[in-house]
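Participant: predicted model and sequence follow; I will ask about them next.
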Amino acid sequence: MTDRELFFKYLGLPSYTPIGLEITRAEGIYEWDQNGKRYMDLVSGISVSNTGHRHPRVIAAIKDQCDKFLHLNVYGEFIQSPQVALASKLASLLPSSLQSVYLVNSGSEAIEGAMKLSKRYTGRTEIIAFHNAYHGSTQGALSILGNEPLKNAFRPLLPETRFLRFNDFNDLSLITPKTACVVCETIQAEAGIILPSEGYLKALRARCYETGTLLVVDDVQMGMGRTGKMFSFEHFGFVPDILVLAKALGGGLPLGAFISSPEIMSTLAFRPELGHITTFGGHPLSCAAARANLDVIIDERLTEQAEEKGSSFKSCLEGHPAIVEIRQKGLVLGVELKSTGIRKRFSEAAIGNGLILDWFLFNPLTFRIATPLTITSEEISLACSLLQSSLTQSNS
């Protein structure tokens, strides 16, 4: 049997209609299939490969760590230099109130940890999130997913969750002294790149201060330089109580983190001891890759280039008759098309033209552009040409 046949025979799949590309090699912004056809990855493996596929410095760090040790013991028992180096580096880039890093395996796990930490520290049980927000697929994370059709089949979920409308100042009054935390994206990703209104996030921060509520920022998709800052909240003049990272953090390997103050984080260590545990969280290979990945972002000044590169894509696509709107911050864009018919034809044309794209969960007429931050101006020009051609094919 071929790999394709085995794929459908033996793998548990999240849908009946996967893209089904069989990729055998990846490098930089490119992937190649089994026939040697080259594709431009315009979504970074869904916001993971911010420094591109197989960046040489990341690969070197992984190989170096392989020669030393892999898994040793459950997280938090042994002092492991890759974890220490990564946590120290992250702390050096963050405000003084975000200095305690808890390493896990994924964004969903980091959200789970942040929710537990909020309840433990505040002694409260209510958790607030936002309509059209995505925070992961585990049962706790699903409980604060802002889309009923995706989670209704799995009820009952966590009680005492409620939802606000993003950018609605009036809804902030629903945050009360009963609320343990508010979990928020600074830019709603799966809603189609929805940017915050002027002053909204500062008002949210102020309301959380008023009520003694912890503010959790989910920076899983928008962190690690994607928006033109290392962490997206830096654009908006506030600091969260807990920061959640994953996806691009690991440089291509699985890694997540929730980060808070030592005072808040310490509450997971008593009553009960081992209040949060993980076997493979902060795996040495992932941490070594993540530290090298961070160094690449900083040394190659990728964060500083993100806005210009994103604006280049926006300028290239603006005005095309198939497009309704383009929403952009740094090197992430939501490009909204006019109809489902155009969307279907565009999807087929893009794959045919060697482009890997993706659609937002809660905005199915909008496709994302979130290329590796390492993309060059020449590669942007080529991508724009292929996008324009695909859009024109779909609009005919």
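Facilitator: On my side now, so go ahead.
Participant: going forward, measure contacts and count neighbours with C-alpha atoms only.
Facilitator: Will do.
Participant: count the residues that sit near N395.
Facilitator: Neighbour count for N395, taken as other Cα atoms under 10 Å: 19.
Participant: tell me if I'm right that it and A322 touch.
Facilitator: Yes: between N395 and A322 there is a contact under Cα atoms under 8 Å: 5.8 Å.
Participant: quick one: contacts for V217?
Facilitator: Residues near V217 by Cα atoms under 8 Å, 6 or more residues apart in numbering: V183, C184, E185, T186, F233, P240, I242, L243, V244.
Participant: that one and R165, how far apart?
Facilitator: When distance is defined by Cα to Cα, to the nearest Å, V217 is 16 Å away from R165.
Participant: top helix in this protein by residue count?
Facilitator: Ranked by residue count, the top helix of the chain under DSSP state H comes out as helix 377-394.
Participant: buried residues in that helix, which are they?
Facilitator: I380, A383, C384, L386, L387, Q388, S389, S390, L391, T392, Q393, S394 (16 or more other Cα atoms under 10 Å).
Participant: with adjacent residues omitted, what lies nearest to the fifth one?
Facilitator: Read that as L387. A350 (7.0 Å; Cα to Cα, 6 or more residues apart in numbering).
Participant: that neighbour against S390, yeah?
Facilitator: Yes: counting by Cα under 8 Å, S390 is a contact partner of A350 at 5.4 Å.
Participant: using CSV, write out the CA atom coordinates for the helix or strand containing A206.
Facilitator: According to DSSP states H and E, A206 maps onto helix 200-211. C-alpha atoms of helix 200-211 as CSV (Å, rounded to 0.1, in the frame of the first residue of the first chain):
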residue,chain,number,x,y,z
TYR,A,200,-10.2,48.4,24.2
LEU,A,201,-7.4,46.2,25.7
LYS,A,202,-6.4,49.0,28.2
ALA,A,203,-10.0,49.1,29.3
LEU,A,204,-10.1,45.4,29.7
ARG,A,205,-6.9,45.5,31.7
ALA,A,206,-8.4,48.3,33.9
ARG,A,207,-11.6,46.3,34.6
CYS,A,208,-9.5,43.2,35.6
TYR,A,209,-7.6,45.4,38.0
GLU,A,210,-10.8,46.8,39.5
THR,A,211,-12.3,43.3,40.1
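Participant: buried sites along that helix?
Facilitator: Y200, L201, L204, R205, A206, R207, C208.
Participant: need the residues that contact that helix.
Facilitator: In contact with helix 200-211 (Cα under 8 Å, 6+ apart) are residues 167-169, 172-173, 175-177, 179, 182, 186, 214-215, 236-238, 240.
Participant: cool, and stretch 29-44?
Facilitator: With Cα under 8 Å, 6+ apart, stretch 29-44 has contacts from 21-26, 50, 52-53, 351, 354-358, 368-372, 374-375, 383.
Participant: next, the distance between the ends of stretch 120-135.
Facilitator: Start-to-end, stretch 120-135 (Cα to Cα) is 20 Å.
Participant: please render the buried residues of helix 377-394 as JSON lines that adds distance to H131 and pLDDT to the earlier fields.
Facilitator: As requested, the buried residues of helix 377-394 are exported to JSON lines (distance: Cα to Cα, whole Å; pLDDT from 0 to 100):
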{"residue": "I380", "distance to H131": "33", "pLDDT": "98"}
{"residue": "A383", "distance to H131": "33", "pLDDT": "98"}
{"residue": "C384", "distance to H131": "32", "pLDDT": "97"}
{"residue": "L386", "distance to H131": "34", "pLDDT": "97"}
{"residue": "L387", "distance to H131": "31", "pLDDT": "97"}
{"residue": "Q388", "distance to H131": "32", "pLDDT": "96"}
{"residue": "S389", "distance to H131": "35", "pLDDT": "95"}
{"residue": "S390", "distance to H131": "32", "pLDDT": "96"}
{"residue": "L391", "distance to H131": "30", "pLDDT": "95"}
{"residue": "T392", "distance to H131": "33", "pLDDT": "93"}
{"residue": "Q393", "distance to H131": "34", "pLDDT": "92"}
{"residue": "S394", "distance to H131": "31", "pLDDT": "87"}
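Participant: from those, pick the one nearest E308.
Facilitator: I380 (11.1 Å; Cα to Cα).
Participant: ok, the closest one to T213 distance?
Facilitator: 43 Å.
Participant: over to L157?
Facilitator: Distance from L157 to T213, by Cα to Cα: 22 Å.
Participant: show me which of the two is the more surrounded one.
Facilitator: Neighbour totals were compared for L157 and T213, and T213 leads with 26 against 15 (other Cα under 10 Å).
Participant: need phi/psi at that one.
Facilitator: In terms of degrees, to the nearest 10, the main-chain angles of T213 are phi -90, psi 140.
Participant: so for it, what's the pLDDT?
Facilitator: pLDDT, T213: 98.
Participant: isn't it right up against T179?
Facilitator: Yes: T213 is within contact range of T179, at 5.8 Å (criterion: Cα under 8 Å).
Participant: now do the contacts for the spatially closest residue to I193 that is not a sequence neighbour.
Facilitator: Nearest non-adjacent residue to I193, counting by Cα to Cα, 6+ apart: G334, 5.3 Å away. By Cα under 8 Å, 6+ apart, the contact list for G334 reads G192, I193, I326, R327, Q328, T366, F367, R368, I369.
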